[in-house]
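> predicted model, plus sequence, below.
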Amino acid sequence: MRRRLAAIVALVVGAATIALAVAVAVSEFPRALGLLGCLVVAAASGWYGVLRRGLARLVGLTVAALAIAGMVALLIGGGPLLADLLVVAGLLVTLAAASATLAVHVPLPAVPPPRRPVLLFNPRSGGGKAQRFSLAAEARARDIEPIELKSGDDLETLVRRAVDRGADALAMAGGDGSQAIVAAVAAEHGLPYACVPAGTRNHFALDLGVDRDDVVGALDAFVDGGERRVDLAEVNGRVFVNNVSLGLYAEAVQRAGYRDAKLRTLLDTVPDVLGPGAGRLDLRWRGPGGHQHRSGAAILVSNNRYRLGRAVGSGTRPCIDNGVLGITVVEAPSGSGGSIRRPQRPWREWSAPVFEVDADRPVPAGIDGEALVLDPPLRFRIRPQVLRVRIAQKHPGASPSAMAPEGLWAGVLQLGSIASGGHSTPATSRQRRPEWT
């Protein structure tokens with residue numbers, strides 16, 4: 001009933017917001033045109049500044065800031081402020097109601113708890129979450145043996161020793177790079193695995209359906225948890241749970257100081273990769289049609305496909321059991337003489353079970369956020385449903401985008417179906433084909 005009510009709110013408020021926005025735009029046509037012009041100037045000059053250094057960057061970002069200030073001035077002093085605020089509020093309410101409607105909780109098949117589960121935890125991950133939440137004590141209270149990863153320890157060695165001593169289930173409390181190591185060993189031995197969200201961002205936990213705000217509750221995966229099977233991916237034999245990035249982000253994570261100043265390092269890397277005079281990445285790959293290409297600004301290869309450019313669920317994976325890699329290639333801006341024009345297609349994306357990238361020299365890569373250098377060719381492949389994941393029954397059990405539709409019209413139809421008493425099936429229970437877009 002709660003989901004149905006949220007769908008009704010999303011449809012009613014959304015329709016009213018659109019009608020109000022159209023009425024405001026028509027009644028305030030010159031001002032609306034000025035707002036659009038300021039938006040275009042802000043976007044163009046901001047992009048110009050990000051791609052450059054020194055004085056050129058300062059000028060570009062200053063012009064963008066002035067354009068944004070102009071938008072604010074037009075909004076405040078040029079027309080009915082209350083109507084503008086109502087449009088913004090209506091949009092926020094619509095998105096919130098749509099997200100609540102599409103929120104998912106998937107009851108997973110119950111399984112017997114393991115007899116000798118082990119929790120490995122990194123006390124430094126996530127700003128010290130393991131200590132803050134007393135994970136070791138909470139694990140012992142659930143008959144789970146805690147093993148601390150100390151400075152100088154090799155995580156894979158610790159995991160394998162635990163398995164040799166008879167561990168029949170493995171959990172990891174740490175970042176996604178550590179999750180990949182433990183998940184790989186669990187899959188190798190066919191053991192249940194639990195992801196405890198004690199890292200900084202916990203992207204893998206999010207897409208698995210683990211509540212990232214309930215660190216201690218994730219331990220209940222080995223108490224009363226359900227089980228599902230998900231995919232793992234690998235590049236040149238190294239397992240990753242989220243993605244491998246080549247290009248802009250990969251260049252940034254290689255630089256000294258990235259951990260201490262991520263945004264500044266990323267901005268300093270942009271001109272080298274995308275700016276005027278920047279050379280194209282020395283990477284070669286074949287698209288879905290079989291034609292060979294050279295990469296533009298970045299390549300992202302993920303364990304299943306990410307949703308990109310959507311209002312709901314963008315940056316997450318609807319499912320991690322579809323048996324395919326997600327491949328996204330971002331094109332670099334083109335132009336000559338310092339001018340930049342938007343390419344016809346900023347990125348292309350498709351899915352495939354395997355993918356290969358070749359180069360003439362070792363390739364910097366960001367693997368689940370960790371900086372590495374790989375020898376070419378880079379051979380990616382998916383390993384379908386090799387990981388037995390345990391998830392606490394009170395946690396969602398599926399990605400937040402598992403029920404999110406692919407387009408606006410599909411979203412309206414889905415909300416309408418739920419509002420009228422219909423149901424929506426999470427992506428985790430759908431049989432989906434590899435797709436080429």
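That came through, no problem. The model shown is predicted, which means the values in this text are computed figures rather than measured ones.
> ok, the residue nearest to G127 when sequence neighbours are not counted - how many residues close by?
Leaving aside its sequence neighbours, G127 sits nearest to T200 (Cβ to Cβ, 6 or more residues apart in numbering; 7.4 Å). (C-beta placed from N, C-alpha, C; glycine too.) When neighbours are defined as other Cβ atoms under 10 Å, T200 has 14 of them.
> hang on, T200 in a helix?
No - looking at T200 with DSSP: H, G, I helix; E, B strand; the rest coil, it is coil, so not inside a helix.
> distance check, I391 against A194.
7 Å (Cβ to Cβ, to the nearest Å).
> between those two, who's got more neighbours?
A194 (31 against 25).
> for the chain, what spans make up the helices?
Secondary structure of the chain (DSSP state H): helices at 2-27, 29-50, 54-77, 81-102, 129-132, 135-141, 155-164, 176-189, 203-208, 248-254, 262-274, 408-419.
> run through the neighbouring helices and strands of the longest one.
The reference is to helix 2-27. helix 81-102, helix 408-419 (3 or more Cβ pairs under 8 Å, 6 or more residues apart in numbering; DSSP states H and E).
> mind listing what's buried in the longest one?
Translated: helix 81-102. Residues 84, 86-87, 90-91, 93-94, 97-99, 101-102 are the ones in helix 81-102 that count as buried (16 or more other Cβ atoms under 10 Å).
> packing partners of it?
Using 3+ Cβ pairs under 8 Å, 6+ apart, helix 81-102 is in contact with helix 2-27, helix 408-419.
> quick one, which of these gets closest to D176.
Closest to D176 of the helices and strands packed on helix 81-102 is helix 408-419 (Cβ to Cβ; 29.1 Å).
> please pull out the lowest mean pLDDT helix or strand from this structure.
helix 262-274 (a mean of 47; mean pLDDT, DSSP states H and E).
> and stretch 190-201, end to end?
End-to-end distance for stretch 190-201, by Cα to Cα, to the nearest Å: 27 Å.
> returning to that earlier point: want to throw the helices and strands packed on helix 81-102 into JSON lines with mean neighbour count?
Listed next are the helices and strands packed on helix 81-102 as JSON lines, based on neighbours: other Cβ atoms under 10 Å:
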{"stretch": "helix 2-27", "mean neighbour count": "16"}
{"stretch": "helix 408-419", "mean neighbour count": "16"}
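> for those, which one sits closest to A162?
So among the helices and strands packed on helix 81-102, helix 2-27 is nearest, using Cβ to Cβ, at 41.5 Å.
> pull the distance from that closest one to the chain's centre.
28 Å (Cα atoms, centre = their mean, to the nearest Å).
> give me the angle between it and helix 81-102.
If you take axes from the mean of the first three to the mean of the last three Cα atoms, to 10 degrees, helix 2-27 sits at 150 degrees to helix 81-102.
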